[in-house]
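Let me see the structure of the following:
(4 chains)
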2 protein chains.
Amino acid sequence: MTKKVVRLSDVALAAATSAKTASRVINGDPRVAPETRRRVEEAVTRLGYRVDLLARSLRRGVDDTIGVIVESIADPFFAAVISEIELAALRRGLNVIVTSNRRLPNREVAIVDSLQQRRVAGLIITPHTSDLSYLAATDTPVVFVDRHPRNFPADVVTFDDRGGARMAVRHLLRYGHQRVAFVSDDLEVETSRNRHAGYVDALMEADLPVAPELVATDCADAAVARARTCEFLDLDEPPTAIFSARSETSLGVVKVLHDRKRTDIATVSFGDFALADVLSPAITVLEQSPELLGRLAAERLFARLDGDHNDPVNTVIPLRLVPRGSGEIVPSGGAETVGGAGV
Amino acid sequence: MTKKVVRLSDVALAAATSAKTASRVINGDPRVAPETRRRVEEAVTRLGYRVDLLARSLRRGVDDTIGVIVESIADPFFAAVISEIELAALRRGLNVIVTSNRRLPNREVAIVDSLQQRRVAGLIITPHTSDLSYLAATDTPVVFVDRHPRNFPADVVTFDDRGGARMAVRHLLRYGHQRVAFVSDDLEVETSRNRHAGYVDALMEADLPVAPELVATDCADAAVARARTCEFLDLDEPPTAIFSARSETSLGVVKVLHDRKRTDIATVSFGDFALADVLSPAITVLEQSPELLGRLAAERLFARLDGDHNDPVNTVIPLRLVPRGSGEIVPSGGAETVGGAGV
DNA sequence: ATATCCCGTGACAACGATTACCTCGTCTCA
DNA sequence: TGAGACGAGGTAATCGTTGTCACGGGATAT
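Predicted structure coming up:
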């Protein structure tokens, strides 16, 4: 029933040498006589020997694995990040263990612990809300992506959330909008907070008030974003433009605008998404490359693995506004209707 | 610099007992005196002890981990599958190692080996093209998802690809289409093959010929699908309907139809995708639930882990056609134009 | 000619936890 | 009262691999 697993000692026996020498061959140690090497290699292939990575890692003290923690694996944004990290790891011969915190703070800590208990070589984390500062006392290299960790300095790779949001809202204002709505996730999440700040920045610059009824910061998913967008449209003075701070929420906003045939309302999305360019109007987006985020994070981590002991590095990726139509719509209806041409 | 890690023996020492007893407490063995248990627990928290999972797994012979292999982590379909598997694993206290084969046959085998070398408790695999039949001789439980393995029986969870495709094409034929194009990935991939078979089934039933110029089976991604769709439209006798066998290709098809303002061409997509219901016309799809696929696969694997030794089970998930508009468009232009009303 | 060094090799311990197997009282029931 | 059962706990072996150290012998240095 249970197959007997081939051990290194079996190989050694078959090759008429010691386990240690067999180990040398396996690990490419040059100090082995050609003839001996040949015998070991022959035995390895004949017996179908394969290293027990658990035993090796236990002995070595570290595992050839990096742990990645994101918020949700199913989110296309994080999926792309992960995929890129995996590719980078593959090139370096490292395995990747992916986990998601699902926004549960205690799970976040549990995952980090569990990965450390596996002796991962390094970690790439999208921090949620937990205080992970105890990681600083550990010798596990950690790189944070998309958000900063709380209470301690570390390598971080983020987007220019605030600047990007400011740019997006400025863009809308330039087209004459006065009532720009803001849709985002909870401000507890750093990215949302920063994007909100950028939104406020742009309004302040233009001496426009921040209208509370136009700010929805509880959109954890597209469904909530839909509901909030409906509420916006039902206001006495509805917004003439909507800035969605996340592609997930953009899906909700766009859905409602189309259902209600209110595609006269301008829209800019923080983050591109599939088909954004196919809709009519096509959606103007702030393009952020999750692939780049993943790649830079992996590079940073690898540098640490290679012994880089310099101060933490803060990498900020700039964003690009891609005008496609929805963000270049000029205001109509609303307040203007009163004294204007009407519909 | 390097932190000294707390070992079980340190805990035992602090609790004035033996490593074995400390181990008993850690593992919830009931045969420990309350007082001793308390001392150990106190020592554990005070010293911040955490099990070395590598050592534990080495000794136990298996790791509390399941390995998942998909084609691409970035693909929303697989991302959803993975996410669901991870959730199921979480509930069972198992870790998940996710890897992608990236369609490289040799990488596929390498990954399986590497996971086995980690002594994973089980595997969930989307097989690509490699012969993995050697897994049958292993005692690692394996569940295949989305496709069947080559050359050996095993637990498999798939969708009703052929039946679904047949249903979709029948649906189009019912609306009067005579020239239905087929867009898919390489037929080397089993799902594509089955969906193509379903397409042929439906045409044969209706005594319609399979026109080679309307069949594109090389669409590995949306970009190729776009190119092929363009070619379709440029034919002397273009199709009046397109059946896209994968949501990834659907993105390409839809993009071209919109760019060229040819939304008069009917479309059905195998697989739903974000915003499919927002486009105009909204896209008629065969709804397949990657979440369900993931859940069922996990359940199957867990059953095996729990000692189920019955014959392999073949689970086929039925599909549902969701009419949204694009699949209910009646033919126009093309051959009809000759004797018809014209545009 | 003797000391030194390197090469190829192997014996042995250690990585950290668990399992198999005992010991030693105390309790229960005949 | 004696025998077995049971509870609590300990000792030593083991999981498979690799780092440490030692060793014999030929080559090189002095």
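
switch to C-alpha atoms for all contacts and neighbour counts from now on
OK.

Return the distance of the closest residue to DNA strand C within the stretch 201-343 of chain A relative to chain B.
With C-alpha to the nearest atom of the strand as the measure, residue A:305 is the residue of the stretch 201-343 of chain A nearest to DNA strand C, at 19.4 Å. Using C-alpha to the nearest C-alpha, to the nearest Å, residue A:305 is found at 14 Å from chain B.

and that residue, what is it in contact with?
A:121, A:122, A:141 (C-alpha atoms under 8 Å, 6 or more residues apart in numbering or on different chains).

tell me which of those is nearest to residue A:10?
residue A:121 (29.6 Å; C-alpha to C-alpha).

how deep is residue A:297 tucked in, by neighbour count?
29 (other C-alpha atoms under 10 Å in any protein chain shown).

Sticking with residue A:25, tell me its helix or strand.
Using DSSP states H and E, residue A:25 falls within helix A:19-26.

relative to helix A:19-26, how tilted is whichever helix or strand comes after that helix?
Using DSSP H and E, the helix or strand that follows helix A:19-26 in sequence is helix A:34-47. Angle of helix A:34-47 versus helix A:19-26, following axes from the mean of the first three to the mean of the last three C-alpha atoms, to 10 degrees, is 90 degrees.

which secondary structure elements does helix A:34-47 contact?
helix A:8-14, helix A:19-26 (3 or more C-alpha pairs under 8 Å, 6 or more residues apart in numbering or on different chains; DSSP states H and E).

so can I have a markdown table of those helices showing mean neighbour count and distance to DNA strand C?
Listed next are those as a markdown table, based on neighbours: other C-alpha atoms under 10 Å in any protein chain shown; distance: least, C-alpha to the nearest atom of the strand, whole Å:
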| stretch | mean neighbour count | distance to DNA strand C |
| --- | --- | --- |
| helix A:8-14 | 19 | 8 |
| helix A:19-26 | 18 | 5 |
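
what's the closest of those to residue A:89?
helix A:19-26 (21.7 Å).

is the closest one up against DNA strand D anywhere?
Yes. Against DNA strand D, helix A:19-26 shows contacts by C-alpha under 7 Å from any atom of the strand at A:19, A:20, A:23, A:24, A:26.

OK, contacts around the first one?
Contacts here follow C-alpha under 8 Å, 6+ apart; on that basis residue A:19 touches A:8, A:9, A:11, A:12, A:13.

Could you dump the helices and strands packed on helix A:34-47 into JSON lines and include mean pLDDT?
As requested, those are arranged in JSON lines below (pLDDT from 0 to 100):
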{"stretch": "helix A:8-14", "mean pLDDT": "95"}
{"stretch": "helix A:19-26", "mean pLDDT": "96"}
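
The stretch 101-250 of chain A: helices as residue ranges?
A:105-117, A:161-174, A:190-205, A:222-233, A:247-259 (DSSP state H, counting those that start in this stretch).

any chance of the helices and strands packed on helix A:34-47 in CSV, plus distance to residue A:311?
Formatted as CSV, these follow (distance: least, C-alpha to C-alpha, whole Å):
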stretch, distance to residue A:311
helix A:8-14, 42
helix A:19-26, 37
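
tell me the pLDDT at residue A:129?
According to the prediction, residue A:129 has pLDDT 86.

With residue A:138 instead?
89.

For it, the count of nearby residues, please.
15.

right, and residue A:233 touches residue A:239 too?
Yes. Using C-alpha atoms under 8 Å, residue A:233 makes contact with residue A:239 at a distance of 7.2 Å.

Could you look up the SS state of residue A:64?
strand (DSSP: H, G, I helix; E, B strand; the rest coil).

who's in contact with it?
So residue A:64 contacts A:57, A:93, A:94, A:95, A:120, A:121 (C-alpha under 8 Å, 6+ apart).

Just confirm the last one contacts residue A:61, I think it does.
The one in question is residue A:121. No. At 9.4 Å, residue A:121 does not count as touching residue A:61 under the criterion of C-alpha under 8 Å.

Let me see the contact set for residue A:194.
Residue A:194 touches A:161, A:162, counting by C-alpha under 8 Å, 6+ apart.

Equivalent analysis for residue A:161, please.
A:191, A:194, A:195, A:198.

that older thread, which one of the residues of helix A:19-26 next to DNA strand D sits closest to residue A:209?
residue A:26 (68.8 Å).

more neighbours, residue A:121 and residue A:61?
residue A:121 (23 against 13).

What pLDDT does the model give the more buried one?
97.

if I read this right, residue A:94 contacts residue A:65, doesn't it?
Yes. If you go by C-alpha under 8 Å, residue A:94 and residue A:65 touch, sitting 5.2 Å apart.

Which one of these two is surrounded by more residues?
In terms of neighbours (other C-alpha under 10 Å), residue A:65 is the more surrounded of residue A:94 and residue A:65; the figures are 21 against 16.

Wait, the more buried one touches residue A:90, no?
No. Counting by C-alpha under 8 Å, residue A:65 does not reach residue A:90; the two are 10.2 Å apart.

Show me which residues of chain A are close to chain B?
A:1-3, A:50-55, A:57-58, A:72-76, A:79-80, A:82-83, A:86, A:96-99, A:117-119, A:137-139, A:251, A:254-255, A:258-259, A:274-275, A:278-279 (C-alpha under 8 Å from any C-alpha of the partner chain).

Could you list which of those residues belong to strands?
Among those, the ones falling in strands (DSSP state E) are A:96, A:97, A:98, A:99.

any idea how far the first one is from DNA strand C?
Okay, so that is residue A:96. Relative to DNA strand C, residue A:96 is positioned 22 Å away (C-alpha to the nearest atom of the strand, to the nearest Å).

Local confidence estimate at that residue?
In this model, residue A:96 carries a pLDDT of 93.

tell me which of the contacts of residue A:19 is nearest to residue A:208?
Taking the contacts of residue A:19 together and measuring to residue A:208 by C-alpha to C-alpha, the closest member is residue A:8, at 73.0 Å.

Leaving out the residues flanking it, which one is nearest to the closest one?
residue A:19 (6.0 Å; C-alpha to C-alpha, 6 or more residues apart in numbering or on different chains).

Good, we can wrap up now.
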